[in-house]
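Engineer: Give me coordinates for this.
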Amino acid sequence: MKNRYMLIVSLDAMVTEDLPYAKTLPNFARIFQNSSQIDKVKTIYPTLTHPIHATLLTGCTAGKHGVICNETFSPGNLILPWYNSLPQIKVPTIFHKWHEAGYTIAACRWPHTEEADDIIDYVIPELVEAHVSGKTNADLPDIYAKLCTPSLMPIINKYIDILDFNKRPMYEEFQVNCLCDIIKEHKPNIMMTHLCMIDYARHAKGLFGEHIKEAIDTLDVWLGKLIDTLEETGIYENTDIILLSDHGHLDIRRTICLNAILAEKGWLQVENGALKDWSVYIASATLSAHVYVKNKADEDAVYKLLCEMAEDGIYGIDEVLPAAEADARYGLSGRFSFVIESDGYTSFNDDWKRPFVRPCDPLDYRYGRATHGHMPEKGPQPPFIVSGPSFKKGVHLENGSILDEAPTFLYPFGLTLEDADGKPIMELLNC
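Structural biologist: Numbering: from 1, shown residues only. All right, here's what the predicted structure looks like:
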């Protein structure tokens, strides 16, 4: 048990079209030369980072694990609370299974690792807006001291000077350096990290272009650091390396504030620009949105309005799904009454003030040049790459499901997720 290792690297927003270039780089090539892969992995709805990473921990759809958006439903809150803690996930995770079996775990900036000290041995959670709002870089040691495994503070303080909140590439460089030191000092069985360079580049400048190659170049350097560390500590030959992605992107042209229409129809109560109460509220999931109706008696009228807006073709709505249909098609369920899907070039802003139509904002991930949150069958798809003693070499599958990835992580350890909607990908595994 103690000599089995797995490194899982989430390359946020990498798509299959990125792989030919990645394979030309030295450290990606080290992984690909002995790997198997799935070209196109169908992810969950909505295609947002934190719901999908909850799926990567559980093998479940969003409706089952309970993380249905990046942010929790909090109408009128200017700083939206994120789903980021392990207890928010409603079903057992791969962390729980590994912990119960006695394996040691390190997670550096993997979503949903806040409040997980009792399960994860070495944890440095992702910082979200609520952690850093109103803070400066001088506050970072105190912020991390409250969130992280206490024994990791010497490592964190060693690299904290390169960190500048959520700016790239400093954030990712910080987390990779921390994980490398954790590996050197503790040799955990499970090593997990989440790198967002490609996602950041796509939001800021669009779906494809030279900026994506530059992001992949940076990722290659960091992969090299991790691989070199595995070799230095003598565990490389016994380590499975998994590269995965959570979603693709779509290029967009504008953002629309649908709540402004609700306010003018009296379904949102606004005083001096502030939201005081609501009867109907549209919560953005970026390229989709969840429509909450407080009084069920209003649902027919709201549905009629949404369908009329979709038919008009000017409000950015391609499709309106009643909650039951969203659950049946995608396993997406919650307190909302409807889900609206973007036309593919419009994102939804949950502001209730005009202007109703706004240009893209490259500084905001939800409203940048490209973004996500759309139905999972749309646009470029994420890949899945596996390499190491637990996996076959040279297997190439065209399609797969992200629901199968968590069960696949556990299979080499002889563990299972009883609540998972997916199953191990036996075509990739050395049985």
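
Engineer: in stretch 372-382, what's buried?
Structural biologist: By neighbour count on 16 or more other C-beta atoms under 10 Å, the buried set for stretch 372-382 is 372-376, 378-382. For the C-beta atoms, the positions are set from N, CA and C on the backbone; glycine is no exception.

Engineer: Out of those, which is nearest to residue 294?
Structural biologist: Residue 294 has its nearest neighbour among the buried residues of stretch 372-382 in residue 373, at 23.5 Å by C-beta to C-beta.

Engineer: Now secondary structure and distance to residue 162 too, for the buried residues of stretch 372-382, in TSV please.
Structural biologist: As requested, the buried residues of stretch 372-382 are exported to TSV (DSSP: H, G, I helix; E, B strand; the rest coil; distance: C-beta to C-beta, whole Å):
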residue	secondary structure	distance to residue 162
372	coil	28
373	coil	31
374	coil	34
375	coil	38
376	coil	35
378	coil	37
379	coil	34
380	coil	32
381	coil	33
382	coil	29
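
Engineer: low pLDDT regions in this structure?
Structural biologist: 1-2, 165-168 (pLDDT under 70).

Engineer: Which parts of the stretch 51-200 of the chain are helices?
Structural biologist: 62-65, 94-100, 129-132, 140-147, 153-159, 170-186, 197-205 (DSSP state H, counting those that start in this stretch).

Engineer: Nearest approach to residue 392 belongs to which of those?
Structural biologist: With C-beta to C-beta as the measure, helix 94-100 is the member of the helices of the stretch 51-200 of the chain nearest residue 392 (21.2 Å).

Engineer: how about stretch 124-142: buried residues?
Structural biologist: Within stretch 124-142, the residues that count as buried by 16+ other C-beta under 10 Å are 124-128, 131-132, 140.

Engineer: Can I get it in CSV? Just the C-alpha atoms.
Structural biologist: What follows is stretch 124-142, C-alpha atoms only, in CSV (Å, rounded to 0.1, in the frame of the first residue of the first chain):
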residue,chain,number,x,y,z
ILE,A,124,-3.4,24.2,0.8
PRO,A,125,-7.0,25.1,-0.4
GLU,A,126,-7.8,27.4,-3.2
LEU,A,127,-8.3,31.0,-2.3
VAL,A,128,-11.6,32.5,-3.3
GLU,A,129,-12.9,36.1,-3.3
ALA,A,130,-14.3,35.9,0.2
HIS,A,131,-10.9,35.1,1.6
VAL,A,132,-9.1,38.0,0.0
SER,A,133,-11.7,40.8,-0.4
GLY,A,134,-10.3,43.9,1.3
LYS,A,135,-7.0,42.2,2.0
THR,A,136,-3.5,42.9,0.8
ASN,A,137,-0.5,40.6,0.1
ALA,A,138,0.7,41.3,3.7
ASP,A,139,-2.4,39.4,5.0
LEU,A,140,-1.6,36.2,3.1
PRO,A,141,0.3,34.5,5.9
ASP,A,142,-2.6,34.9,8.2
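
Engineer: hang on, the earlier thing: out of the buried residues of stretch 372-382, who's nearest residue 191?
Structural biologist: The closest of those to residue 191 turns out to be residue 382 (C-beta to C-beta; 20.5 Å).

Engineer: and which of the buried residues of stretch 372-382 is nearest to residue 325?
Structural biologist: Using C-beta to C-beta, residue 375 is the member of these that sits closest to residue 325, with 12.2 Å.

Engineer: From residue 329, how far off is that closest one?
Structural biologist: Per C-beta to C-beta, to the nearest Å, residue 375 is found 9 Å from residue 329.

Engineer: How much space separates the closest residue to residue 128 other than its chain neighbours from residue 330?
Structural biologist: Spatially, and ignoring its direct neighbours in sequence, residue 128 is nearest to residue 82 (4.2 Å; C-beta to C-beta, 6 or more residues apart in numbering). Counting by C-beta to C-beta, the separation of residue 82 from residue 330 is 21 Å.

Engineer: returning to that earlier point: could you redo the helices of the stretch 51-200 of the chain as JSON lines and give each row distance to residue 261?
Structural biologist: Formatted as JSON lines, the helices of the stretch 51-200 of the chain follow (distance: least, C-beta to C-beta, whole Å):
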{"stretch": "helix 62-65", "distance to residue 261": "26"}
{"stretch": "helix 94-100", "distance to residue 261": "42"}
{"stretch": "helix 129-132", "distance to residue 261": "27"}
{"stretch": "helix 140-147", "distance to residue 261": "39"}
{"stretch": "helix 153-159", "distance to residue 261": "46"}
{"stretch": "helix 170-186", "distance to residue 261": "37"}
{"stretch": "helix 197-205", "distance to residue 261": "26"}
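
Engineer: Nearest to residue 213, out of those?
Structural biologist: helix 197-205 (9.3 Å).

Engineer: Now do the next helix or strand after the closest one: everything it contacts.
Structural biologist: Following helix 197-205 in sequence order, the next helix or strand is helix 210-232 (DSSP states H and E). Residues from elsewhere that reach helix 210-232 (C-beta atoms under 8 Å, 6 or more residues apart in numbering): 5, 7, 9, 11, 14, 18, 21-22, 25-28, 30-31, 169, 172-173, 176-177, 179-180, 183-184, 191, 193, 195, 197-198, 200-202, 204-205, 236, 239, 241.

Engineer: Please check those residues and keep the buried ones.
Structural biologist: Buried positions within the contacts of helix 210-232, assessed by neighbour count (16+ other C-beta under 10 Å), are 5, 7, 9, 11, 14, 18, 22, 25, 27-28, 30-31, 169, 172-173, 176-177, 179-180, 183, 191, 193, 195, 197-198, 200-202, 204-205, 236, 239, 241.
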